[in-house]
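1. Next come a sequence and a model predicted from it.
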Amino acid sequence: MSVSIRVADVRKSYGDVVAVDGVSFEVDQGEFFGILGPNGAGKTTTLEIVEGLREADAGSVELLGMSPWPRNTALLPRMGVQLQGTAFFERLTAREQLVTFGSLYGVGPKKADAMLETVGLTDKAGTRVEKLSGGQAQRLSIACALVHDPEVVFLDEPTAALDPQARRNLWDLLRTINGEGRTVVLTTHHMDEAELLCDRVAIMDHGKILKIDPPAALVRGLDAATHITVDSGHLAPADLAAIADGVAETEDDGATITFTTRDPSTVLTALAEHRVLNGLRVRGATLEDVFLELTGREYRA
Amino acid sequence: MTSYLSLTKAMLIGLSRDKSTLFFTLLFPLMFLIIFGAIFSGGGTNPSKVAQVGAVPVLDQLQAQDPDALKDVLELSTVDDEAAAIKMVEDGEVAAAVKQTGDLVQIYYSAADRTQAGIVTGVLNGIVTQTNLEKLQVAAPEVAVTTVRIDQVEDESLGSIQYLAPGLLGWAISMSGVFGAAMTLVTWRQKKTLRRIRLAPVSVGAVVGARVGNTLLLALIQLAVFIGVASLPFFGLKLTNYWWMAIPTVLIGALAFLAIGLLVGAVSKTSEGASGLANLIILPLAFSSGSFYPLDAAPQWLQTISYVSPLRYLNEAMLDVMVRGEGPLSVLPNLGILIAFGLVVGFIATRLFRWDDI
Ligand SMILES: Nc1ncnc2c1ncn2[C@@H]1O[C@H](COP(=O)(O)OP(=O)(O)O)[C@@H](O)[C@H]1O
Ligand SMILES: [Mg+2]
């Protein structure tokens, strides 16, 4: 498999603020790569350097075998970018927007209609961009990034400020895009999003990448507790105390009981013996735990 | 080429849906034309007030022949007392007093209003001369008399529209040129549209070119609308032979102001800042370049200042070809100055151009 993006020891400061502090990573062709980190971690700056919107102070970037800086017009048609926030032409309708962006790449209006279909905005074709909801605007913005069939797609926090349903719809769209063989680079500050979508995740904090691995590998080998949840009311307090004794912490909020344990087998076996597995959910370590482990801080977006 | 055309089209669609810009570039200047036109039309022909002391046969005879003869020029009132009449002149109630004793017509005027005094003495002199001529012809009909006929080139009552239309048009063109370019640049930068375009294989030339195309088209529409409205019978604009030279004049003027707009857009961070700066530039230009009143009527120092205003050259060029009847070549120096100005400012603007606000 060939490498689409190669970033080596990139640095960028704004005055005294070190935004990117020696970042290196590689993204394979067709990979879904995530950069995860809290606000101000340097995700956007890193992405902009890779896209060729900013010049790095030091280090090297190679995108599809070429340097994106200074502005490289040979590279531009091969990459699609969705900027953080939506960059549209004022007062144009969704369709006009797509047609305009398409023609900047020499793509005809038919493709615009196909893209509207792909992102589920066909019924909003004649609506002005100012009148679209957050999720619709975000989808249109992604459609604009894809209208010329780019090989590499950059998405900067595409699901920020969306409601849960809109986020889930967008996730489906992003999986489709990646499924078509495109390399996708996504930044996010949502742990669950990175876990769900990405083949590999780079965890970034204070301008540095702390670790890069597939989500499962990041979590594996982590000495983190497992959370076991069952419905309340089926278990007598004495039995509860007996099950938890020495192996788990418990918390009963009236609806569910949560056991936080490092010995899930024992707890689950005991619960099964008491036949109280109603509403059972088991949650292992998450990227949140990884972040805690790596930084010593609770993750806060 | 296709990207240039599609950017032009995108901008044009955006513009056609932008009600406030359309208002400020088309309707707002037209409102001024209508208001000023209404104020000034009919303002030029108020008859001068004259007090006559007792009977003044030269005037009385004329009015006996044709009661309306003096109606448009003089408004006569009769007083019996010469001293009272002179007092009226001194107080400015009338422009002049006139008294006739035998063959002597005596006129009293005040230097306080020389224009009025000039008109009245001129008119009365003319009447007396006319009377003398008639007497002469009766006495010696075989003597040929030389007469003078004076016709004003423009219909005086409509004079104001003749300078108002080109002047306000110049103002409208400067506004849309400066605001259009500055606002596009700033809002596109603020909304990151410029960044997004930068990520497409498009040249800066295509982006600026699209704005140029829009500005030129808008200038032509402004010219058509202004000429159309001002030529309505109510306003009565009369264009002279080479008015079509106003087309290249307007286009070149629009480019000069577009250059200013690009500069404003390059140095402003926010759209509020840009519109403030644009106003700060345009209003003084409009007032010092004869957009709202004829430059000849302005004080000398203002006329001197006007030589550094590009709007002056646009206004003067339009006046020359649209209403003064000058030939098409007469405006070439003005056009040359506008082009030079646009090139210099435009060059500075491209040096300061930024895709991003960092
Ligand atoms: N244009 C800029 N000028 C100055 N500082 C900036 C600029 N852009 C980002 N920063 C700073 O750089 C750091 C990283 O920002 P950014 O890359 O936007 O992080 P993220 O996208 O992860 O939230 C932050 O401290 C931010 O304040
Ligand atoms: Mg960011």
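-> Thanks, I have the structure now. Residues are numbered from 1 along each chain as shown, chains lettered A, B, ... in the order given. Ligands and ions are numbered 1, 2, ... in the order given.
2. Those residues of chain A touching chain B, which are they?
-> Residues of chain A that fall close to chain B, judged by C-beta under 8 Å from any C-beta of the partner chain: A:51-53, A:71, A:73, A:76-77, A:79, A:81, A:83, A:85, A:87-92, A:96, A:99-101, A:103-106, A:128, A:144. Any C-beta I mention is one placed from the backbone N, CA and C, and that applies to glycine too.
3. Let's see that with 7 Å instead.
-> Residues of chain A lying close to chain B (C-beta under 7 Å from any C-beta of the partner chain) are A:51, A:53, A:71, A:73, A:76-77, A:81, A:83, A:85, A:87-92, A:96, A:100, A:103-106.
4. from those residues, which ones fall inside strands?
-> Those of the residues of chain A next to chain B mapping onto strands are residue A:81, per DSSP state E.
5. Just the buried ones from the residues of chain A next to chain B?
-> A:51, A:53, A:76-77, A:81, A:83, A:87-92, A:96, A:100, A:103-105 (16 or more other C-beta atoms under 10 Å in any protein chain shown).
6. Among the residues you listed, name the ones in helices.
-> Counted as lying in helices by DSSP state H, out of those, are A:51, A:96, A:100, A:103-104.
7. Now the two most distant members of the residues you listed.
-> Largest separation among those by C-beta to C-beta: A:51 and A:96, giving 24.8 Å.
8. Excluding chain neighbours, what is closest to residue B:346?
-> The shortest distance from residue B:346 to any residue other than its chain neighbours is 3.8 Å, reached at residue B:259 (C-beta to C-beta, 6 or more residues apart in numbering or on different chains).
9. can I assume that neighbour is in contact with residue B:340?
-> No - counting by C-beta atoms under 7 Å, residue B:259 does not reach residue B:340; the two are 10.8 Å apart.
10. okay, the two: which has more neighbours?
-> residue B:259 (26 against 12; other C-beta atoms under 10 Å in any protein chain shown).
11. low-confidence ranges in the stretch 251-358 of chain B?
-> Applying pLDDT under 70 to the stretch 251-358 of chain B picks out residues B:358.
12. Tell me the first helix or strand C-terminal of the helix or strand harbouring residue B:160.
-> Per DSSP states H and E: residue B:160 is located in helix B:159-190. Downstream of helix B:159-190, the first helix or strand assigned by DSSP H and E is helix B:193-198.
13. Would you state the helices of the stretch 1-150 of chain A in chain order?
-> Secondary structure of the stretch 1-150 of chain A (DSSP state H, counting those that start in this stretch): helices located at A:43-51, A:94-104, A:109-118, A:134-146.
14. Mean pLDDT for these - can I get that in a markdown table?
-> Shown next, in a markdown table, are the helices of the stretch 1-150 of chain A (pLDDT from 0 to 100):
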| stretch | mean pLDDT |
| --- | --- |
| helix A:43-51 | 95 |
| helix A:94-104 | 95 |
| helix A:109-118 | 92 |
| helix A:134-146 | 91 |
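15. how about JSON lines for those, with distance to ligand 1 added?
-> Listed next are the helices of the stretch 1-150 of chain A as JSON lines, based on distance: least, C-beta to the nearest ligand atom, whole Å:
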{"stretch": "helix A:43-51", "distance to ligand 1": "3"}
{"stretch": "helix A:94-104", "distance to ligand 1": "24"}
{"stretch": "helix A:109-118", "distance to ligand 1": "26"}
{"stretch": "helix A:134-146", "distance to ligand 1": "16"}
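16. Compare those and give me the one nearest residue B:306.
-> Between residue B:306 and these, the tightest spacing by C-beta to C-beta is seen for helix A:94-104, at 42.2 Å.
17. Could you tell me which other helices and strands that closest one packs against?
-> Counting contacts by 3 or more C-beta pairs under 7 Å, 6 or more residues apart in numbering or on different chains; DSSP states H and E, helix A:94-104 packs against helix A:109-118, helix A:134-146, helix B:2-16.
18. Off-centre distance for the longest one?
-> In terms of C-alpha atoms, centre = their mean, to the nearest Å, the centre of helix B:2-16 is set 33 Å apart from its chain centre.
19. thinking again about what came up before, distance to residue B:352 added to the helices of the stretch 1-150 of chain A, as CSV?
-> As requested, the helices of the stretch 1-150 of chain A are exported to CSV (distance: least, C-beta to C-beta, whole Å):
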stretch, distance to residue B:352
helix A:43-51, 22
helix A:94-104, 24
helix A:109-118, 35
helix A:134-146, 29
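20. any idea how chain A splits into domains?
-> What the record gives for chain A is the domain set A:3-220, A:226-284, from automatic domain parsing.
21. Could I get the full set of strands for the stretch 101-250 of chain A?
-> Ranges of strands within the stretch 101-250 of chain A are A:152-156, A:183-188, A:200-205, A:208-213, A:226-231, A:248-252, based on DSSP state E, counting those that start in this stretch.
22. Show residues contacting stretch A:229-238.
-> Contacts of stretch A:229-238 with the rest of the structure, by C-beta atoms under 7 Å, 6 or more residues apart in numbering or on different chains, involve A:252, A:254-258, A:271, A:274, A:276-281.
23. Okay, and which of those residues map to strands?
-> A:252, A:256-258, A:281.
24. dump the residue contacts of residue 219.
-> In the absence of a named chain, this looks at chain A. Shown in contact with residue A:219 (C-beta under 7 Å, 6+ apart): A:284-286, A:290.
25. ah, I was thinking of chain B
-> Counted by C-beta under 7 Å, 6+ apart, residue B:219 has contacts B:173, B:250-251, B:254.
26. same thing but 6 Å
-> The contact partners of residue B:219, taken as C-beta atoms under 6 Å, 6 or more residues apart in numbering or on different chains, are B:173, B:250, B:254.
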